[in-house]
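A.B. asks: structure for this input, please:
(2 chains)
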Amino acid sequence: MNLDIAEPKKLVVITIKEERLDAHNAADLKAELLALFEQGKKNILINLQDVRFIDSSGLGALVSGFKNAITNQGSLKLAGLQPQVKSMFELTRLHRVFDIYPTTADVPELP
Amino acid sequence: MEKNRIEIDIKIPNQTRYLRLIGKIGEELAIGLDEYAGNRNTLAYYINLVLTESVINTITHANACDPNKIVHLSIGIEQDDLVIRVFDEGKGFDINEVPPPDFEDLAEGGRGVFLIRSIMDSVNYRKKGSENVLEMRKSLVKGEK
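C.D. replies: Predicted coordinates:
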């Protein structure tokens, strides 16, 4: 019998319930993402709708997660960026790196 | 003190939990600048960011993350410029030697000084007596950079 049994890839959605993603809390996000990868979760969506302010450390934590996702053959996508947060991605050219969606509802389901 | 001059002198413990407070002070100052030629909400975000990036650099580098040290900074208006100064007593560095980020290489760090330079009209770091001062200026009459 030839079977192809696949578990659909599940997307882990992380909503950051902070007004600031900065040098004070970026290490926490980085550690949470690492823990998820260690648990075998590969596909992550980060909802930034509540984040009003991001600095270079916040961007760095997202880059760290993105690189870990790629290493694990997964993905790290972003949604819900407020305009000024989005402008930080543009200034640092990181908008070319991440898949960025207006809201979590706009993210296509994984195969 | 001359007319229209503002100088807010701040000393905080060398701890990241105070970044929010410092950023907020800068935002409030920027929002109140009726004379600014550009968008004041954008300026507020930018000043918050420049304060956050410059103070975290002092916390981690000059003050080596020692929670018992202090960070001394000032935020002010001098003539037509918004001026931020961050003082430290560390060994100092040459800010002109800090390379811009390599946009093709996805490094985790190395964007802080780039962001400060992108936003401010002038950035310099020099020795003054026994301390170093990082001075960052943004013209309020030129509008958005």
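A.B. asks: drop to CA atoms for contacts and neighbour counts, all remaining ones
C.D. replies: Noted.
A.B. asks: can you tell me the SS state at A:Ala23?
C.D. replies: Secondary structure state of A:Ala23, per DSSP: H, G, I helix; E, B strand; the rest coil, is coil.
A.B. asks: give the contact list for it.
C.D. replies: Applying C-alpha atoms under 8 Å, 6 or more residues apart in numbering or on different chains to A:Ala23 gives the contacts A:55-58, B:16, B:56.
A.B. asks: want to throw those into JSON lines with pLDDT, neighbour count and distance to A:Phe37?
C.D. replies: Putting these into JSON lines (pLDDT from 0 to 100; neighbours: other C-alpha atoms under 10 Å in any protein chain shown; distance: C-alpha to C-alpha, whole Å) gives the following:
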{"residue": "A:Asp55", "pLDDT": "98", "neighbour count": "22", "distance to A:Phe37": "24"}
{"residue": "A:Ser56", "pLDDT": "98", "neighbour count": "26", "distance to A:Phe37": "23"}
{"residue": "A:Ser57", "pLDDT": "98", "neighbour count": "24", "distance to A:Phe37": "20"}
{"residue": "A:Gly58", "pLDDT": "98", "neighbour count": "23", "distance to A:Phe37": "19"}
{"residue": "B:Thr16", "pLDDT": "98", "neighbour count": "20", "distance to A:Phe37": "27"}
{"residue": "B:Ile56", "pLDDT": "98", "neighbour count": "25", "distance to A:Phe37": "28"}
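A.B. asks: which non-adjacent residue is nearest A:Leu62?
C.D. replies: Nearest residue to A:Leu62, sequence neighbours excluded (C-alpha to C-alpha, 6 or more residues apart in numbering or on different chains): A:Lys30, at 7.4 Å.
A.B. asks: need the residues that contact the helix or strand hosting that neighbour.
C.D. replies: Per DSSP states H and E, A:Lys30 falls inside helix A:26-38. Helix A:26-38 has contacts (C-alpha under 8 Å, 6+ apart) with A:42, A:57-58, A:60-62, A:64-65, A:68-69, A:72.
A.B. asks: next: stretch A:60-74.
C.D. replies: A:26-27, A:29-30, A:33-34, A:37, A:42-44, A:75-76, A:98, B:106-109.
A.B. asks: show me where pLDDT drops low in chain B?
C.D. replies: By pLDDT under 70, the low-scoring segments of chain B are B:1-3, B:143-145.
A.B. asks: A:Val51 - nearest residue in space that isn't next to it in sequence?
C.D. replies: Per C-alpha to C-alpha, 6+ apart, closest to A:Val51 is A:Glu19, 4.5 Å.
A.B. asks: tell me, how many residues neighbour that neighbour?
C.D. replies: Residue neighbour count, defined by other C-alpha atoms under 10 Å in any protein chain shown, stands at 14 for A:Glu19.
A.B. asks: and B:Gly129, by the same measure?
C.D. replies: There are 8 residues near B:Gly129, going by other C-alpha under 10 Å.
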